[in-house]
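Enquirer: The following comprises the amino acid sequence and a computationally predicted model.
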Amino acid sequence: QYKEAVGELERFQAQKIALSGTISVFSASVLVDVFMVNIIRDFTAIYPSTMIKIIETNNDELLSYVVNGYCEVALLSASKNYVEKMQQTRKDIEYLLLLEDQVVVCARKDHPLMKYKTLDFDSLTEYAKKSHFQFSLYQILPFAHPEVSYTYSISNSPNADIHKKFMMENVAVTHMPYLAYQNKFQQDGFAMVPLKGTPILGHYLIWRKDEENSNYYLLRYFLEFLQKKIKKQF
């Protein structure tokens, strides 16, 4: 109760002093497509003197942008192994796990692969040898190296519509986070099967430890707001 009371007082104080400023959010995560627009809309309605900018990039560049101060916060979708390795080497970066996710294979409902309860890479390889089946170019980096990060590039790609067209024609299937399937492909009638042997994915917030940043308090309240919104939805 004490912590809740302190939290309410802090939020009241934040509104009283009318937070202002601009935060840049770099992202390669499906979270942007799912609900970041609504979160930014709600946050800026409470704090009208603030602006939240979203810049889409890829995971391999995110860390350098955060470390060099080009953005206040980044959204990262990656294997837990990859992030744990980063945490060991980068003590100047804060990490917050928002959601855990799994990898699924996505295709048309009547695709032969969709009759299975689970799939693995060996079964996919055997199937590929016997048919015209191919993976889309938009896919996960090789899981033979689980420390490699995951780059989500389907829904935020300019070729997303072409990609779906190939899937609908049974020319290609793809694999993606379940969250991406649920929010971008399920509504179009596609099906999915869990892909075994792949590491657990996490959707993370990362930011630099820098209390001297002029946007420190704005960032603090934005992260708290974002985390609560995500917990409420999931």
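Expert: Looks like it arrived, so ask away.
Enquirer: Find the least confident helix or strand in the chain, judged by mean pLDDT.
Expert: The weakest-scoring helix or strand in the chain, judged by mean pLDDT, DSSP states H and E, is strand 134-135 (a mean of 48).
Enquirer: tell me the mean pLDDT over stretch 19-31?
Expert: Throughout stretch 19-31, pLDDT has a mean value of 84.
Enquirer: What residues of it count as buried?
Expert: Under the neighbour-count criterion of 16 or more other Cβ atoms under 10 Å, stretch 19-31 has 19, 21, 23, 24, 25, 26, 27, 28, 29, 30, 31 buried. For every residue, glycine as well, the C-beta is placed using N, CA and C.
Enquirer: Next secondary structure after the host helix or strand of residue 31?
Expert: Here residue 31 sits within helix 30-31, counting by DSSP states H and E. Toward the C-terminal end, the helix or strand that comes next after helix 30-31 (DSSP H and E) is helix 37-46.
Enquirer: for the record, mean pLDDT for that following helix?
Expert: 87.
Enquirer: Quick one: list the elements packing against it.
Expert: Using 3 or more Cβ pairs under 8 Å, 6 or more residues apart in numbering; DSSP states H and E as the contact test, the elements touching helix 37-46 are strand 50-56, helix 216-233.
Enquirer: and residue 103, which of these is closest to it?
Expert: helix 216-233 (20.2 Å; Cβ to Cβ).
Enquirer: Which residue ranges of this protein form strands?
Expert: 21-27, 50-56, 73-79, 93-101, 103-108, 134-135, 172-177, 190-194, 201-208 (DSSP state E).
Enquirer: okay, the ones you listed in JSON lines with distance to residue 228 next?
Expert: Formatted as JSON lines, those follow (distance: least, Cβ to Cβ, whole Å):
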{"stretch": "strand 21-27", "distance to residue 228": "17"}
{"stretch": "strand 50-56", "distance to residue 228": "16"}
{"stretch": "strand 73-79", "distance to residue 228": "15"}
{"stretch": "strand 93-101", "distance to residue 228": "11"}
{"stretch": "strand 103-108", "distance to residue 228": "27"}
{"stretch": "strand 134-135", "distance to residue 228": "38"}
{"stretch": "strand 172-177", "distance to residue 228": "22"}
{"stretch": "strand 190-194", "distance to residue 228": "29"}
{"stretch": "strand 201-208", "distance to residue 228": "13"}
